[in-house]
Structures are given as structure tokens and as C-alpha cells.
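> Got a sequence here, can you build the structure:
(4 chains)
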Number of protein chains: 2
Amino acid sequence: MARKQGSHSDITGPKVREAALRLIAQHGYAAVSMRQIAGEVGVQAGALYNYIADKQSLLFDLMQSHMDEVLTAAAREDLTGDPVAALERFTAFHIRFHLPRRDQVFVSYMELRNLDPDNFTRIEAMRRAYEDRLEAILKAGVAAGVFAVADTRVTTLGLIALLTGITNWYDPDGRLDIDTVQAIYTELVRKAVAA
Amino acid sequence: MARKQGSHSDITGPKVREAALRLIAQHGYAAVSMRQIAGEVGVQAGALYNYIADKQSLLFDLMQSHMDEVLTAAAREDLTGDPVAALERFTAFHIRFHLPRRDQVFVSYMELRNLDPDNFTRIEAMRRAYEDRLEAILKAGVAAGVFAVADTRVTTLGLIALLTGITNWYDPDGRLDIDTVQAIYTELVRKAVAA
DNA sequence: TTTTCAAATGAACGCACGTTCAGTTAGATG
DNA sequence: CATCTAACTGAACGTGCGTTCATTTGAAAA
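As a prediction, this is how the structure comes out:
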């Protein structure tokens, strides 16, 4: 059987990536087999190789795509001007971008160790570029005297860990809605760096 | 060959656990084979089964031991009295306990998804018990009017994510020593929850 | 010196892995 | 209607997996 209705390259390709992302987030890269991914897509394992070069490339593509999206979306945010307002905008952006992308966040962070050295270096550089956007805000705030921060680099890493941690416990059907969580964290961040 | 000098059960057993912890932290539970662990210890794979029931039990033991140590050590800390001082003591304890145990932290967090449902429930209960110690401090501080925190549970999870995040980037040979890092984070935490 | 047995070996088990590829199928093309 | 070919199948490849177990070893006990 081949070329069923609605089963073209443009459809199967994305389905492979979606299934792989979900399964890897749930069980881990090494624990997920190509046959499992194929099963989710509804094809045999061999068919996956019409869309990916090999398993390692699939993982790297997933992580690179995510980081690309993060950087592209972040680039659209205006984080210049008043550092206090910029920090609040960054906080809002980070939470609202990452919370609906829990699988991507999980995979991009957990599976770094399964990346080839070259691929690892590339992803790390993208992550660093994102961190630098926050650090620039902190530096501007310190220079302006509106932030009291002992070390902008360490504080950057701390704040990102604080914010990204939300993806590990947030439950859309839970006690708090996103707006409330965002408000709580905005306040935590604002106070933590306040002069 | 059997029973070489210094190769008794009391020695090989711990070596198995140490090797497993290091390898799993580095490559992930699913990616590490029993033969790799055995190789690190200096025995054949079959010999491991004198010390563990199976691979899953090994993972669970590593995680349970870590959580046991955390809870035991935390129980020795006096976190009563002035909430501001208690929070500072908790911060110091958390950093100084976890920073020399990066492999344990990594494994206990990353490999939760590879735990059997029963084992997962047990580990989660221990983690929750630890979190509750911090939340008790926050609640006391809010009651005393010395902390301004919108939600003690969410803030607890946030602060732990902030503090534990240190293990992901701290480099003992890097720019900052532990005392400096501790001072930076103590200040971040103190200000974040201050009334 | 002989006996004992904890602690290992090393081969074997069935199974699943990532990947390749010759062959098959069915929608699109002329 | 005949042809083409993108998309997929299904079997096969060699490899390594977790685990078991009869056998061997050598330090300690008698």
C-alpha cells in the first residue's frame, strides 16, 4: 500500500517530527525506538528514512527548530528602553512562549547529552544568545541604577531557571490559570533584582 | 578468577552504584548498558546481579538513596524561629548540599520518567516532603508579615528551581567560588519574598 | 594442608535495535 | 487508458541488549 489519501510527504514529514517530539519528551531519546515513532505515525520504520537522515539528525532537528523559534520570537519583542518594563516584558514573553511548548522545552534541555559534540555546540550557542537578551536588560538596569544585582550573568541563569521551572509543574487544569502564574512570577522577578 | 584482593562484596557493591550513578548522569538510564557499568567496575556483566535485582531496581535505589540523604540532612537543620533567618539557612543548606552531588541531582530529576509507576510515586512523595519544609518557612513568614508572597506553594517551587538550577552551570574551577554564589542567591531569594 | 564457599566468569538465551533496500502500490500525469 | 514515480512495505542485516546459570577461582577457615 502506498500513497493513501492525505498521506503525502508534506503530511507525513511533520507527523514524524510531532510523534518523535512527544515520545522523546515522555520516554527519552535513547528509550524511544524508530519502530515506536513509526507506529505513532502509522507507517513502517523504514518509511521514516524518507524524512530523516538518521535518529541523531531527528533529535538535532527537533532541538534546533525549537531554539530557532525561541530566538525568532524573542527577536520580535521590544526589550529596549526602561529596564524595569523590559524585564517585565521578557518575563511575560518567556512564560507565555514556553508554557505551551512543554515537550520542546523538556527535550531541548534533557537531551543535550545525547547530542553529537558538534550539534551540542550549535544548540548551546543558540541558548547562550537567548540568555544574553535577558542579561542585556539586567546590565542596562544596573547601569541605570534601577536594579541591584551582584552578578548579571549568574542572575540571568538564575532567573531563567526560575521561569523555565514553571513548565515542570504547571497544570492547565490545575488551581491556577496562566495569568495568575505570570503575575506571581513577574512579582518574584521584579523584587529579586530591584534596587 | 574470583575474590581478588580488595574485591569483596563490601567493595564491589558500592562501586557498582558509583559507576552506575556517574554513567547514568552522563548518558541517561536507557543509554547505559549493564556491560558498560560492569566495565567501569572491572567485572563481567553477570557479576552485577550479585548486588542488584535488576536494572530498574538499581535506578530506583540510586534515587531513593539520594532523597533519603536529602531528607535526613534537611531534618538536621533548624528551620524554626525567625522566618527570615530560617529562609537563609534553608538556602545555604540547599546550595551546599546539592552542589557537591550534581550527578545525584541530575539523575533524580531526569530519570523520573524511567521509573515504574510505584517507584515514581515513592520518589515524588519524598520530593514533596522536602518542598514542604521550604513552604513551611514561607507560610510562617507570611503569617508574621515579614514575607510578601502571593502563593506559598508556587513560590516554593520557584525558589527550588532557582536554587537547584545552580547545579546545571556551576563550575568549581570557574569564575566564582561557592561562597560567592551562595551570597548572590541568598540575596536573590531574600529580596524575592521580602515584604 | 585440605576444605569451603563467596565472588566472579563467560557463554548462552531470546529479543529489539537502527538502518538498508528490492519490491509493491496507487494517485497523478499525459 | 497506459505510464510514471513518490511513498511505503516487509524482510533482512549485524549488533547489542538484560538476564540467567553452570562452572571456576582463590582467600579464609579448619
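
> how is chain A carved up into domains?
Per the record, chain A has its domains at A:1-52, A:55-193, by automatic domain parsing.

> could you dump those to TSV with distance to B:V154 and mean pLDDT?
Just so you know, the C-beta spots here come from the backbone N, C-alpha and C atoms, and that holds for glycine as well. Formatted as TSV, the domains of chain A follow (distance: least, CB to CB, whole Å; pLDDT from 0 to 100):
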stretch	distance to B:V154	mean pLDDT
domain A:1-52	23	89
domain A:55-193	5	97
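
> Among those, show me which one is buried the most.
With neighbours taken as mean count of other CB atoms under 10 Å in any protein chain shown, the domains of chain A reach their highest mean count in domain A:55-193, at a mean of 17.

> now check that domain, is it near DNA strand D?
No. Counting by CB under 7 Å from any atom of the strand, DNA strand D is not contacted by domain A:55-193; separation bottoms out at 12.5 Å.

> if we can go back for a sec, between the domains of chain A, which one is nearest to B:L48?
For B:L48, the closest of those is domain A:1-52, at 19.3 Å, according to CB to CB.

> could the domains of chain A be laid out in TSV, adding distance to B:A136?
Below are those laid out as TSV (distance: least, CB to CB, whole Å):
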stretch	distance to B:A136
domain A:1-52	33
domain A:55-193	18
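
> Within the helices and strands, which one has the nearest residue in space to A:W169 that is not next to it in sequence?
The shortest distance from A:W169 to any non-neighbouring residue, by CB to CB, 6 or more residues apart in numbering or on different chains, is to B:L157 (5.4 Å). For B:L157, the element it lies in under DSSP states H and E is helix B:152-164.

> Also compute the angle for that helix relative to helix A:152-164, please.
Helix B:152-164 runs at 140 degrees relative to helix A:152-164, counting by axes from the mean of the first three to the mean of the last three CA atoms, to 10 degrees.

> residues in contact with helix B:152-164?
Contacting residues not belonging to helix B:152-164 are listed as A:158-159, A:161-162, A:164-166, A:168-169, A:176, A:181, A:184-185, A:188, B:91, B:94-95, B:98, B:105, B:109, B:131, B:134-135, B:138-139, B:142, B:149, B:185, B:188-189, B:192-193 [CB atoms under 8 Å, 6 or more residues apart in numbering or on different chains].

> so of those residues, which ones are in helices?
Counted as lying in helices by DSSP state H, out of the contacts of helix B:152-164, are A:158-159, A:161-162, A:164, A:166, A:168-169, A:181, A:184-185, A:188, B:91, B:94-95, B:98, B:105, B:109, B:131, B:134-135, B:138-139, B:142, B:185, B:188-189, B:192-193.

> so who does the spatially most central residue of chain A touch?
By CA atoms, centre = their mean, chain A has its centre lying nearest to A:V105, at 3.8 Å. Neighbouring residues of A:V105 by CB under 8 Å, 6+ apart: A:66, A:98, A:164, A:167.

> residue contacts, the last one?
Going by CB under 8 Å, 6+ apart, A:T167 touches A:98-99, A:102, A:105-106.
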